[in-house]
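> Requesting a structural model of the entry that follows:
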Amino acid sequence: MFPFPFPFWDNNCYGSEPVSRRTRLERKLKFLKTIRDDLETRLAGLNAAISSVEQQLNQEDVTQV
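Alright, predicted model coming up:
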């Protein structure tokens with residue numbers, strides 16, 4: 001679902017040097033933006049599905065009248 005797991009944005013896999021606060025915040029920001037983008041994509045899909053069902057219901061109402 002996401003490109004990297006949430007608990008590991010502080011993890012420095014390539015060495016034992018401490019990660020700066022700025023680097024941690026940049027990773028966190030990238031992660032949060034990725035989550036937001038994923039949620040926006042899902043929301044757009046839900047909105048399209050809702051719109052489609054509403055249109056189908058409206059068409060049924062018109063044909064039954």
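> Taking the centroid of this structure, which residue is nearest it?
Centroid-nearest residue in the chain, with Cα atoms, centre = their mean: Asp38, separated by 1.9 Å.
> Relative to Gly45, how far out is it?
11 Å (Cβ to Cβ, to the nearest Å). Glycine gets a C-beta too; all of them are placed from N, C-alpha and C.
> what's around Glu40, how many residues?
Glu40 has 10 neighbours, counted by other Cβ atoms under 10 Å.
> ditto for Glu26
13.
> pLDDT at it, what is it?
According to the per-residue confidence, Glu26 scores 97 in pLDDT.
> Name the SS class of it, please.
helix (DSSP: H, G, I helix; E, B strand; the rest coil).
> Next: Glu17.
Secondary structure of Glu17, per three-state DSSP, is coil.
> Could you measure from it over to Thr23?
From Glu17 to Thr23 the distance is 10 Å (Cβ to Cβ).
> So the two - more neighbours on which side?
Thr23 (13 against 7).
> Got phi/psi on that one?
Main-chain dihedrals, Thr23, degrees, to the nearest 10: phi -60, psi -40.
> State the helix or strand in which the residue nearest to the centre of the chain lies.
helix 21-64 (DSSP states H and E).
> That helix: how far from the chain's middle?
8 Å (Cα atoms, centre = their mean, to the nearest Å).
> Check Leu29 and give its pLDDT.
For Leu29, the predicted pLDDT is 98.
> neighbours of it, just the number please.
Leu29, neighbours per other Cβ under 10 Å, totals 11.
> Then Thr63?
The burial count for Thr63: 7, using other Cβ under 10 Å.
> any idea how far it lies from Gln56?
11 Å.
> Please apply the same query to Ala49.
11 Å.
> Could you do Arg21 as well?
Applying Cβ to Cβ to Arg21 and Gln56 gives a distance of 52 Å.
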